[in-house]
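[1] predicted model, plus sequence, below.
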Amino acid sequence: MNKIHSTSIVSPKAIIGNDVEIGPFSVIYDDVEIGDNIKIGPHVNVYDGARISNGVKIFQGASISNTPQDLKFADEKTYLYIGDDTVVREFATLHRGTIATGQTKIGKNCLLMAYSHVAHDCALGNNIILANSVQLGGHVEIDDWTILGGGSAVHQFVKMGSHIISSGGSMISGDVPPYIMITGFPARFAGLNSIGLKRRGFTSDDISTIKNAYHLFYNSGLAMTAAKEKIAEKYSDHPLVCKILQFMNDSTRTIIRK
């Protein structure tokens, strides 16, 4: 049974699942699909193109799937996807995609804290945390299990790997390879995210190997290309290091330095 407050405005064209709660003064637009077991707080706006999966919680004042802040946007039909069990806290703003990709995508079990912003065409993986007031520019890509500290800002088109953690207020303008800590303005390499990796079941041997690979990249004094060649020579049979090298080879921006 759904619980929809009498002061909310829900389009009859919207597709609403089961066990959905919609709070006072919230507005649900026409082209919206909402799954089961959803809780939407008061004063939330869910605009056209929203596709919200099961178990999502959206707190008061959030703006979901509004038009992109892109001057080239011409009101084309695009979407915003939110994965299962993601939590969107107060006054977060999540914009749908543009014609460039057609969508903004947020994965499962994410936590987007108060005042965070996910711009058009972003692609976020699963189990990601954006702390209070984190700001993502357009086309940002973030892999699973990454945590961005409060007030961090990510430049448009930046790619970030998995299992990264940033300190609060980090200004991230370059691509960030997986498994590391970053901090600063601009953000720089600050060591391995060892605690996070341990918590997620990485073995001591795996953590040691990743650490040695990053030592070659950041502390050996080798040029970037030479460092990558040395890493490949020593650790080409290690899948986690191969993931680091693949990320670096696929990067289209500058990779953050020490």
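    Structure received.

[2] and K230, how far is that from S220?
    Computed as Cβ to Cβ, to the nearest Å, the K230 to S220 distance reads 7 Å. Backbone N, C-alpha and C define where each C-beta goes, glycine included.

[3] between those two, who's got more neighbours?
    A side-by-side neighbour count of K230 and S220, using other Cβ atoms under 10 Å, places K230 first with 15 against 12.

[4] where does the more buried one land in three-state SS?
    Classification of K230 by DSSP: H, G, I helix; E, B strand; the rest coil places it in helix.

[5] return the distance of it relative to A187.
    Counting by Cβ to Cβ, the gap between K230 and A187 amounts to 24 Å.

[6] one more: T93?
    Distance from T93 to A187, counting by Cβ to Cβ: 22 Å.

[7] repeat for A14
    A14 is 40 Å from A187, by Cβ to Cβ.

[8] neighbours of G169, how many?
    Using other Cβ under 10 Å, G169 has 15 neighbouring residues.

[9] quick check on it: phi, psi?
    Per-residue torsions, G169: phi 80, psi 10 (degrees, to the nearest 10).

[10] tell me which helix or strand A227 sits in.
    A227 belongs to helix 224-235 when assigned by DSSP states H and E.

[11] flag every buried residue along that helix.
    Buried residues in helix 224-235, counted by 16 or more other Cβ atoms under 10 Å: A227, K228, I231, Y235.

[12] centre of the chain to it, how far?
    How far helix 224-235 lies from its chain's middle: 29 Å, per Cα atoms, centre = their mean, to the nearest Å.

[13] which strands and helices sit next to it?
    helix 204-219, helix 239-250 (3 or more Cβ pairs under 8 Å, 6 or more residues apart in numbering; DSSP states H and E).
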